[in-house]
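>>> no sequence on this one, just coordinates:
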């Protein structure tokens, strides 16, 4: 019933606003005796950090994680792990410009109608800052899987920025960590650089598509219907700010396919293994992993905080115009890559434990 | 933690397999004093029923719902409502052909790996028959909203079958109930008819895209982050068999947009109302309804049960070929329309109650 | 959030009223490949059945369970198990006597205030008939433990009826199944017979205390704090109709003890086993099983349906007097024995799966 | 599924160990616009604080609460409220004495068997320090009820310490705040003082019984069966460390009563109100509040950390003897009074919101 908790057995609850003292996450249900240090988590937070390159927001947050509980002598104890990240870059600012205006495309309008108030300082819980908590939780999930299911590897990458999609013929996961965009296509990196420079210059922003792929997932994770692995991945990715679509395997293209093309054929390899001819299923059949790579994609809308004026209304109902100044990303999708990885990792950690519980 | 339960306050648990004695659903959390009869539910089941037209499976199931509990003197009592639908069209059949083969694109392979067994008769819980239970639950949700939030109207329609998408210029919700495909575009009906006739003749199947739209949703339903209205809609739609993608508003296209085009502008209407210029947000901002139409789309893959042979393996790991004979749909997406409507209605009913609980 | 669901991984949802068509329970989360037949469940239902002896209600319900789903070829499939019990002994009756009166000690008054209505025929969900569903769920839990943790044995027995408690010096679990009261003290059986005969004759009723003991529980089941084994047992037993107190081990007497007497001493047996000197803890320390017998007791109030007139009010607020005629138990606590056993068994099944999930 | 979360709509998750950097609690689901300051919470923490009088542990923790999120401009925002309490009194100590021994009556033995490790420094999650988090959560619940249901008053008091119970004839709630034992009986205070002084002097400890009473609870809170108000109270109280029994109303005595004595008679007062003759039900019928005072009692066992040697084993399985030195309470039950109040308040806050959600 909680609106701030994700997962069933491997379960995390995030808290905090971008302009409060700190943000954080409580990870509950992690098995005991998993080696875990702040460094294990910091590594993933560093990937996500704003200000990392000139295509991302220039907010300078060190995003230093502190483990407040649940770890003793370098290992998890099986009890709740509290991870706190202090908010340190909170320059006093003048919010009078936006305090009484609803910013188009933001949650301002809906929070106001739901709660009768809003934290006008920085988006409150709707701020992308909350995703740091997810990445921290994902660090715990990675540490867990490293010990319990070391074959599982999760990697995220950008496959589209605005009009420019990667060329799947150039697909190479090895180059993903070595470029600013976590691109799997070496050729598009320069295209994206020039494109984003122009977007930034014009005070605008642009959307993006992220793909996250998990290899080494054993067959059998997931469950029918309301506990489907793909259902949980859809909920996981749609819970990230600004996400407007989630696809599994062939995704929206599945609607165009014929059955003869869609169903992935199975070939025997010896008597104990199989190979699939294709992966339209995205590694999931009937909600349960098949042993193929689990593939999820999600579309991130362009940031609504732009320098181009947009029409809106005030809290008093009068017409106005909104321009959002300050530190913002021309493409928030870039920063969503480690967030998507973290969510995939948490979903797999959760289903690993649930499967072990029910089936042994 | 349940894998067969959906929702938080308005909550349903489905049970039953296509080849058992009955299927059904327990609806829990429905408010008391809601007028409810079997007819209120039957109406929606009748829309979904297979065998309804020649583009759908010819299985003849009357799908007669029985209310076993939770209703007294024509009104809900606030206690669990048990809805049972007997399986009556179970002709004894010979399953020896498929008993030991994994059907490509089916859950056979993954159920086997997860549970060590499978119900080879008809897909077990992975059968589309389970969706009748969802439609029944949706009937209760409709009855509830009719009393508590009568402005909310939910309507689903097909927007694509295979290569043929509707023309949005012809969009007319009024014609949806009057054609076999729940199409909002009168001109495409004949195109689809001819197209599907050819698909059926070739023993093949094809995918489809369904859009579900809710009007009259008050602003404020939903919650930030892990209780987002769009997150719950994504989980709801992805939980339906064969769904491979879920989109909200602009959906996958959001990745191509610029911020200046994406953010829906807000205009004042008098001092107490507003109008949005566009609806890229799909009626949801920050996980909370804005008062615009809530719009979700989902892509359904083509049925994997086709007459065209596909390579596969046996449970013993030997190469084989699978052809699926029997009653099947050339386009399972058609039948998914009332299912998508039911899931949207249940999600709205759930968030209506949760919002009332937290905010009053 | 469901009000009709119990458990986390091994989880059941009950439905149905005493005067509807049927009652039942959906068991979700049971592992696959557990041998299960209707006979396995019927065995436990038969123990609980009213009309079994002259100290229990004379309502003649065969309470025949039907498995509607989740079992294939004699084994569980890992999907929801639906168990239905038809209500067959529903003689048409005249309820005009009680329709507009609140029966003292019943849920009439509170249901009316909560829901604005009540099912005046037989107590609706507040009827003891709901406990048949629990016993059926307990039958599934027993089948599961028989396969996965065969050392666990659960046995319930009466330790008090009204003023007459068993003598612990006579304690002998072997005699429990052989007497009408599931008494562990042979000497008290005749005392209770005479006592209850007099209670019945006077049109009155009396309370009772039931103890349930699980032996063979491995150390490690349970969890700290809000997932404590004793916390879940308390919730389980308090959820049974008419229960007013739950005790673990020393129970209410713990308040009178000194630390030097209370803490159970531990002695080594060889190097791999231990023996506890006493069992004040009731087999649970810090919410987790210690390997000692898990012992829970609960107090059942006397039935409020008696022939002795009690003052009350009508739904219109006028003073009245209520006498409840019909088939009722002089001591409902007798029938609570198999219900308590079932709840203990379900709690252990649930914690067994959760422990396996988290710790492996 | 979380083992560290309590509640459904008003929901809290505690984290932290007695010897870590901090402990805390995330309160989720609180309505927006509730006035809330650190002072509102501190007030209740101060009541619970150890070192407050010489009958409680001399550990000097200021227990200063910090609100890290969820409050903006003095009001709750409807998003998660993070409350942190730093652990400041952590003198470096020598644990070699107990590091390899299981302390009888503690969770040492069971944690070791469950998790394969234990935090030997101070009990980890099994430490009574965790209850400070509950009291903090209770402060939020009180603030919420003060605004939304101001008639509800919750008060806890001691009714027994070891052999000495209060005399109900002296019962006076007004004196509860004015004495060191939160006693409702002025005469017993001196008896308890002398008794505890002797217990302390002998290096021993003693159990206690706490009663918590809520007045002004409207009829209708709660739900049938697995969401019973008494079931949730039982789970709430049993989740507190050292609690071995929970009673509602007549409690364990209900087993001795006859129906003619037990059922509380109802008298009409005018046409719109009623009065009950007695309150054996403890204000709850069928799991739902009746409008009478809600009354729960729980028994706390004596602390196991005593100066009197107890036999035990080492982690290597060898016989040993344990004496626990250091700061400990002769009667931990005293400190449990504000904890019980907090848990009752949280349960009522939760059911208030759930009732409003389902019934409006």
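Received the coordinates, thanks. Owing to the predicted nature of the structure, the values given are computational and were not obtained by experimental measurement. Numbering: from 1, shown residues only, chains lettered A, B, ... in the order given.
>>> just for the stretch 251-360 of chain A, where's the confidence low?
The model of the stretch 251-360 of chain A has pLDDT under 70 over residues A:327.
>>> Is the closest residue to chain D within it part of a helix or strand, or is it coil?
Taking C-beta to the nearest C-beta as the measure, the stretch 251-360 of chain A has residue A:354 as its residue closest to chain D, at 8.9 Å. Heads up, the C-betas are built off the backbone N, CA and C, glycines and all. For residue A:354, the assignment made with DSSP: H, G, I helix; E, B strand; the rest coil gives helix.
>>> OK, contacts around residue A:101?
A:108, A:312-315, A:320, A:322 (C-beta atoms under 8 Å, 6 or more residues apart in numbering or on different chains).
>>> Looking at those residues, which one is closest to residue A:97?
Taking C-beta to C-beta as the measure, residue A:97 lies nearest residue A:322 of those, at 8.9 Å.
>>> Show me which of the contacts of residue A:101 are buried.
Among the contacts of residue A:101, those classed as buried by 16 or more other C-beta atoms under 10 Å in any protein chain shown are A:108, A:312-313, A:320, A:322.
>>> Doesn't residue A:211 belong to a helix?
No: looking at residue A:211 with three-state DSSP, it is strand, so not inside a helix.
>>> My read is that it contacts residue A:154, right?
No: using C-beta atoms under 8 Å, residue A:211 makes no contact with residue A:154, being 11.4 Å away.
>>> So between the two, which is more surrounded?
Using other C-beta atoms under 10 Å in any protein chain shown as the criterion, residue A:211 and residue A:154 rank with residue A:154 on top: 24 against 20.
>>> if we look at the helix or strand that one falls within, which residues are touching it?
Assigned by DSSP states H and E, residue A:154 falls within strand A:153-161. Residues outside strand A:153-161 that contact it (C-beta under 8 Å, 6+ apart): A:142, A:165-166, A:173, A:176, A:181-184, A:192, A:195-196, A:206-216, A:297, A:331, A:333-334, A:337-338, A:340-341, A:344-345, A:348, B:255-256.
>>> Now do the same for residue A:139: helix, strand or coil?
Residue A:139 ends up helix, using three-state DSSP.
>>> Now for it, how many residues are close by?
Neighbourhood size, residue A:139 [other C-beta under 10 Å]: 26.
>>> which SS state does the nearest residue to it once chain neighbours are set aside fall under?
Leaving aside its sequence neighbours, residue A:139 sits nearest to residue A:41 (C-beta to C-beta, 6 or more residues apart in numbering or on different chains; 3.5 Å). Three-state call for residue A:41 (three-state DSSP): helix.
>>> wait, isn't residue A:41 in contact with residue A:141?
No: between residue A:41 and residue A:141 there is no contact under C-beta under 8 Å: 10.3 Å.
>>> where's residue A:171 relative to chain D, distance?
Remark: distance between residue A:171 and chain D (C-beta to the nearest C-beta, to the nearest Å) = 38 Å.
>>> Ignore what I typed, I meant residue A:87.
The spacing between residue A:87 and chain D, counted by C-beta to the nearest C-beta, is 10 Å.
>>> Next: residue A:107.
For residue A:107, the distance to chain D - C-beta to the nearest C-beta - is 11 Å.
>>> Let me see the contact set for that residue.
A:118, A:123-124, A:126, B:224, B:285-288.
>>> let's see 10 Å
A:114, A:118, A:123-127, A:241, A:304, B:222, B:224, B:284-288, B:290 (C-beta atoms under 10 Å, 6 or more residues apart in numbering or on different chains).
>>> for residue A:166, same thing?
Residue A:166 touches A:157-160, A:181, A:183-189, A:191-192, A:209, A:211, counting by C-beta under 10 Å, 6+ apart.
>>> Chain neighbours aside, what residue packs nearest to it?
The nearest residue in space to residue A:166 (C-beta to C-beta, 6+ apart) is residue A:185, at 3.8 Å.
>>> No further questions, thank you.
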